[in-house]
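Engineer: Sequence below, structure please.
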Amino acid sequence: MSSPTLDPHSPSDCDTLPSARPSPPPPPPLLIQPSPRKLCVRHQRIADEGTNLKLQRALDDLPLGERESINAIWSSFSSSPHPRRELILRGILTMCCFSQLSLLSDALSHLIRIDPFNVFPREVSLKVLAYLDATSLCRAAQVSRHWKGLADDNLLWREICAQHIGTKCEKCGWGLPILKRTPLAIPPSVSSSPSPLARATSSSSIGKRRQEDSATVSSPKRQRSEPSPSATPSVHPTSPPLLAPIPSTELIGSTPPHCPSPLSLPPPVEEILTRPWKEVYSERLKIERNWRRGRCSVRTLKGHTNSIMCMQFSETFPHLPFPVLITGSYDRTARIWNLETGEEIRSIKGHTRALCALQFDEVKLVTGSMDHTLRIWNWRTGDCISTLEGHTEGVICLNFDSTLLASGSIDTTIKVWILRTRECFTLRGHRDRVNAVLLWDSASTTSSVPDASSQQNVSPGKMLFSASDDCSVRLWDLTLRTCVRQFPGHRNQVQSLKLLSLDLCNATEDVSKDRRCDEESSVARAQSLRDVTEPQQLLVSGSLDNTVKLWDIESGKVVRTLFGHLEGVWAVACNKMRLVSGSHDRTIKVWSRDEGRCVSTLVGHTGAVTCLALGEDKVVSGSDDGDVRIWSFCV
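Structural biologist: Here you go, the predicted structure:
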């Protein structure tokens, strides 16, 4: 008698073990053969793995009587309804010893595992993986080659980059730098099959990838001695021009002229190089981790012969293939540097005393000096275009936008110059020198174009912040020319001011919490949604009372005070990701803006840190030691 055979296509229910019974006779040749019944996922895997064949071989090794007994058991179980099967299994379990139970445990741990991505369509698999964070996706990519192909999908990582680059993710709290100078573009097709993630990806993520930025402390500024004219370095006679000069008539306009340089033209689409979004994320994550751990490389630029007083850099000029840094010093010069190579491009001379303040854009550089004047330069040629006189003491701070130029002086006044007409008016109120001025378009401003009906062609809503040695911070309405708010709180001279725009994700997170709260009214939810469109702004100030304060502009109250410096704070800088401060204690501190704690301290200057500039992946600092240091976190 032949042994019974295991038929994987048994007519019994699909979720049972195949019964061991003889194969039915073949149908007559004239009849149409019915198509085999489709198996469930588990029994299809059993058929693929050859489990039935292994059981059949084991059964063939047994005596005939045992084979018939086992066959009867399997046949009876296979033909039983589900309730009876459960009863049979419970009875079998009660008869099993630990060795059999251990065998069942090992076998079941493998049998009940099903790879969902082998069953789901690719679109559904990607939708599931879209709920994972970056760390979980990387772990999923280590499971198998099939999982890696899904977890490395470009659309998944584009979504993650959109949640993190240039903003802080509301889920994990991490934010990644933009790195604007990295030229990247999105390929026309990034996935082998359409995915719902493609429609959900915001246009902002595309732009991001294409862009791939003590109370008794004495004032060293007042104690510095100016060098003699013979000690002032001469202008480099062989310094190369940056680009073709811009006509002087265009340097004072409200908008920069169009530059015909080929560098400003985007390359053809087919020539734009692209990278996987996972690589983009990995690059920025490394930089962000370096920020949090204080890991950086340092370069020192030498050239100035006295204290560095002011600086600014830009990495976004379309007409230049390198980032530009301009520094001003007590040696009466402003120096232009190639920030990538550290090469000094030009030294600008003209002021007769120390240069204390500067600001530049694509076409012009404005400097303020202790010689009581402001000068407007064509910084690409080094030519002085105009000199503004009006202050009776040294100019130690300035700030301009497309229409106005504001300057603060030791004479305790603030002068506001209208660039189009060269007219100016004076704001009086401070009782000591004005150390910082900052123009601001309040929320009521609807256009940056001056209103002809407003006083002195100042746009409605145009405001000005100022900080002084009288320990006060003031907010001025430039249309009314009056002080509308004061910010009391500092106990010593206030030296630096910056504006900080809160991240939109903070407001978005509040809205999501409101949605989860059943008791929240629909009116309050609508108000929260409106708040998302208008991100809150904070004012950041640094003072010689050793603290940095964050102010609510609307109420004039202190939101947070940062303690950590041992001596007075000379300079602050901030962006959406972080805040940095430079102090008379010769250190630079990097602060977590949300937590209000010091993340890392940068040490290296041998003099007080007097000025700072903050980028996406670097800090540039100037000091009384005459050095400019570049702290790069791309290591």
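
Engineer: End to end on stretch 69-88, go ahead and measure it.
Structural biologist: 16 Å (C-alpha to C-alpha, to the nearest Å).

Engineer: Counting neighbours, which bits of that stretch end up buried?
Structural biologist: Residues of stretch 69-88 classed as buried by neighbour count (16 or more other C-beta atoms under 10 Å): 70-71, 74-75, 77-78, 80, 85. No exception for glycine: its C-beta is placed from N, CA and C like everyone else's.

Engineer: Helices - which of those land there?
Structural biologist: 70-71, 74-75, 77-78, 85 (DSSP state H).

Engineer: the helices in the stretch 501-635 of the chain, which residues?
Structural biologist: When assigned using DSSP state H, counting those that start in this stretch, the helices of the stretch 501-635 of the chain occupy the ranges 504-516, 522-533.

Engineer: low-scoring stretches of the stretch 101-250 of the chain, by residue?
Structural biologist: 170-173, 180-250 (pLDDT under 70).

Engineer: quick one: low-confidence ranges for the stretch 401-550 of the chain?
Structural biologist: Residues of the stretch 401-550 of the chain that meet the cut-off, pLDDT under 70, sit at 443-456, 503-535.

Engineer: quick one: residue 460 from residue 421, how far?
Structural biologist: Applying C-beta to C-beta, to the nearest Å, the value for residue 460 to residue 421 is 18 Å.

Engineer: same check, this time on residue 134
Structural biologist: Counting by C-beta to C-beta - residue 134 and residue 421 are separated by 54 Å.

Engineer: between the two, which one's more packed in?
Structural biologist: Each of residue 134 and residue 421 has its neighbours counted (other C-beta atoms under 10 Å); residue 134 has more, 20 against 10.

Engineer: Does the more buried one touch residue 163 like I think?
Structural biologist: No: between residue 134 and residue 163 there is no contact under C-beta atoms under 8 Å: 9.3 Å.

Engineer: How many residues are close by residue 480?
Structural biologist: Residue 480: 10 neighbours (other C-beta under 10 Å).

Engineer: again with residue 125
Structural biologist: Residue 125: 21 neighbours (other C-beta under 10 Å).

Engineer: Give me the phi and psi for the spatially closest residue to it that is not a sequence neighbour.
Structural biologist: Closest residue in space to residue 125, ignoring its immediate chain neighbours: residue 117 at 4.7 Å, by C-beta to C-beta, 6 or more residues apart in numbering. Main-chain torsions, residue 117, degrees, to the nearest 10: phi -70, psi -10.

Engineer: List the residues that contact residue 117.
Structural biologist: Contact analysis of residue 117 by C-beta atoms under 8 Å, 6 or more residues apart in numbering lists 125, 146-147, 150.

Engineer: Mind jotting down where the helices sit in the stretch 201-350 of the chain?
Structural biologist: Secondary structure of the stretch 201-350 of the chain (DSSP H, counting those that start in this stretch): helices located at 203-211, 220-223, 277-293.

Engineer: wait, what's in contact with residue 392?
Structural biologist: Residues in contact with residue 392 (C-beta under 8 Å, 6+ apart) are 372, 409, 411.

Engineer: Can you check the pLDDT for it?
Structural biologist: Listed pLDDT for residue 392 reads 95.

Engineer: Which of the helices or strands spans it?
Structural biologist: Using DSSP states H and E, residue 392 is not contained in any helix or strand.

Engineer: cool, residue 438 as well?
Structural biologist: Element membership for residue 438 (DSSP H and E) is strand 434-441.

Engineer: Give the buried residues for that strand.
Structural biologist: Going by 16+ other C-beta under 10 Å, strand 434-441 has these buried residues: 434-440.

Engineer: And for stretch 137-153?
Structural biologist: By 16+ other C-beta under 10 Å, the buried positions in stretch 137-153 come out as 137, 140-141, 147, 150-153.

Engineer: Let me know how buried the closest residue in space to residue 536 that isn't next to it in sequence is, in neighbour terms.
Structural biologist: Spatially, and ignoring its direct neighbours in sequence, residue 536 is nearest to residue 502 (4.6 Å; C-beta to C-beta, 6+ apart). Here the count is done by other C-beta under 10 Å, and residue 502 has 15 residues near it.

Engineer: same thing with residue 557?
Structural biologist: 11.

Engineer: Quick one: residues contacting it.
Structural biologist: Contacts here follow C-beta under 8 Å, 6+ apart; on that basis residue 557 touches residue 551.

Engineer: Residue 497 too?
Structural biologist: Residue 497 touches 436-438, 465-467, 473, 539-541, 572, counting by C-beta under 8 Å, 6+ apart.

Engineer: Show me those that map onto strands.
Structural biologist: 436-438, 465-467, 473, 539-541, 572 (DSSP state E).

Engineer: Just want the phi and psi numbers for residue 89.
Structural biologist: Here residue 89 shows phi and psi, under degrees, to the nearest 10, equal to phi -60, psi -40.

Engineer: now it: how far from residue 79?
Structural biologist: 15 Å.

Engineer: repeat for residue 623
Structural biologist: Residue 623 is 89 Å from residue 79, by C-beta to C-beta.

Engineer: same deal with residue 355?
Structural biologist: Applying C-beta to C-beta to residue 355 and residue 79 gives a distance of 98 Å.

Engineer: same check, this time on residue 537
Structural biologist: Separation of residue 537 from residue 79 (C-beta to C-beta) stands at 76 Å.

Engineer: before we move on, what about residue 361?
Structural biologist: Distance from residue 361 to residue 79, by C-beta to C-beta: 86 Å.

Engineer: Next: residue 292.
Structural biologist: 65 Å.

Engineer: next one: residue 390
Structural biologist: 104 Å.

Engineer: One more: residue 498?
Structural biologist: From residue 498 to residue 79 the distance is 81 Å (C-beta to C-beta).

Engineer: Return the member of the contacts of residue 392 nearest to residue 548.
Structural biologist: The closest of the contacts of residue 392 to residue 548 turns out to be residue 409 (C-beta to C-beta; 24.5 Å).

Engineer: in the stretch 451-600 of the chain, which spans are strands?
Structural biologist: Using DSSP state E, counting those that start in this stretch, the strands found in the stretch 451-600 of the chain span residues 462-468, 473-477, 482-486, 494-501, 537-543, 547-552, 558-563, 569-574, 579-583, 587-592, 597-603.

Engineer: Any idea what residue 359 is bridged to?
Structural biologist: residue 366 (DSSP bridges).

Engineer: So that it lines up with my notes, have the first residue be 42 from now on.
Structural biologist: Yes, from this point I'll number from 42; that puts the last item at residue 400.

Engineer: Residue 440 is in contact with that one, correct?
Structural biologist: Yes: at 6.3 Å, residue 400 counts as touching residue 440 under the criterion of C-beta under 8 Å.

Engineer: Could you confirm residue 97 falls within a helix?
Structural biologist: Yes: remark: residue 97 belongs to a helix, assigned using DSSP: H, G, I helix; E, B strand; the rest coil.
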